[in-house]
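Chemist: What shape does this take:
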Amino acid sequence: MQETEIIPFDKNKRRGRGAIVNPDSRFESEERDFIDDGWNFSDAENKTSRLKTSVTLEHPKSVISKNFSPDLPFDRSINAYRGCEHGCIYCYARPSHAYMNLSPGLDFESKLFAKPNAAELLAREISRPAYRCRPIALGTNTDPYQPIERDLRITREIIEVLAEARHPLTITTKSDLVLRDIDILAPMAKDNLVAVGISVTTLDNRLSRVMEPRASAPHKRLKAIETLSNAGIRTLVQSSPVIPGLNDQELEQILTAARDKGADSALYLLLRLPREVASLFENWLIEHFPDRASKVMKLVRSTRAGKDYDPEFGTRMVGTGPYAALINKRFQLACRQLGFSGSKYDLATDLFVKPGQDRRQMDLF
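Modeler: Numbering: from 1, shown residues only. Alright, predicted model coming up:
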């Protein structure tokens, strides 16, 4: 079978983006390649024209997603957005854009979907008689504080509903925009109703800029950890993903820097390259780090039984093989030395009051 050459989008158009290509959805019956023949724009227009972000509003019938994965510490989550403008090249959520007949490449970070009625749906769902309270995770698929949240404020509305109901939640983000909502999160933290995980992938500004171009810079994420911790909010650092041969040498530095800023626990996840993410990541490596692209992919495959990715429960988050075991051992040793402990899912569930229910009225059951 002859391989199809993947033609990168023009650099001027994708400046500030993570992916360098925009392959068709795997559900499309035809394949198309981008070819710039020079007739579409003048040279001046080519230099200034960039891929713009579009946002489509959608109105789903439900907003809480359930999962039954045995290796996840939560069973429910909310994603206010589809797609993510942060543009992290390694994002394991990219393949989900194919279900919208869009590309997991540049479409994922430029053609976004938002759920403006998410808070309303949430209030309705947690009000149902059969609902049982357990922590709800925000940011498990796409970042709840990506740039469009500044204007749309859907994540804030979700948190307001949960705060009113005294419902526990966890947040995972790469953005210091989370600091905007300290006025809600700090009071919740006093009742052990919230924990925030700040994802710090590297302390190298250059690497961060090309790997996750529209996420907050590393120093801003560390500052967010410090500010959240000082506000009494349980904060942990997530070294995720750990990429063999690219950022894994920073693991102990990241954990130490976060501990110095007040993080009280940590977790890590090994790079995951499901479906289209593998080719997107490898093309990105070849463009930005041609001198070590081959080595990085070789190390990645050594942690996945020779494949780009292995979705096996129990090992998909940490990998297998000697190199993966070494990363895990380094992480565990660093956590002991830094005094990290606990889980961000150890939150109070006995304070929950269903929306609209009078808190002064005792529960008969």
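
Chemist: what does the lengthiest strand in the chain rub up against?
Modeler: The strand that spans the most residues within the chain, counting by DSSP state E, is strand 234-242. Residues from elsewhere that reach strand 234-242 (Cβ atoms under 8 Å, 6 or more residues apart in numbering): 90, 172, 189, 192, 194-201, 225, 228-229, 248, 251, 254-255, 258-259, 262-272, 327, 331, 340, 342, 344. Just so you know, the C-beta spots here come from the backbone N, C-alpha and C atoms, and that holds for glycine as well.

Chemist: quick one: average confidence on that strand?
Modeler: For strand 234-242, the per-residue pLDDT values average out at 96.

Chemist: CA atoms of it as CSV?
Modeler: Below are the C-alpha coordinates for strand 234-242, written out as CSV (Å, rounded to 0.1, in the frame of the first residue of the first chain):
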residue,chain,number,x,y,z
ARG,A,234,-6.0,22.3,47.4
THR,A,235,-3.7,22.3,44.4
LEU,A,236,-1.7,19.6,42.7
VAL,A,237,0.7,19.6,39.8
GLN,A,238,0.1,17.3,36.9
SER,A,239,3.2,16.4,34.9
SER,A,240,1.3,15.4,31.9
PRO,A,241,2.2,14.2,29.5
VAL,A,242,5.7,12.9,30.2
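
Chemist: Name every strand pairing with that strand and say which way it goes.
Modeler: The strands that strand 234-242 pairs with in its sheet are strand 194-199 (parallel), strand 265-270 (parallel) (by DSSP bridges).

Chemist: re earlier: and the contacts of strand 234-242, which are buried?
Modeler: Buried by 16 or more other Cβ atoms under 10 Å: 90, 172, 189, 194-201, 225, 228-229, 248, 251, 254-255, 258-259, 262-272, 327, 331, 340, 344, out of these.

Chemist: export the strands paired with strand 234-242 to a markdown table and tack on distance to Ser279?
Modeler: Converted to a markdown table, the strands paired with strand 234-242 look like this (distance: least, Cβ to Cβ, whole Å):
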| stretch | distance to Ser279 |
| --- | --- |
| strand 194-199 | 23 |
| strand 265-270 | 19 |
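
Chemist: Tell me which of those strands lies nearest to Pro95.
Modeler: strand 265-270 (16.7 Å; Cβ to Cβ).
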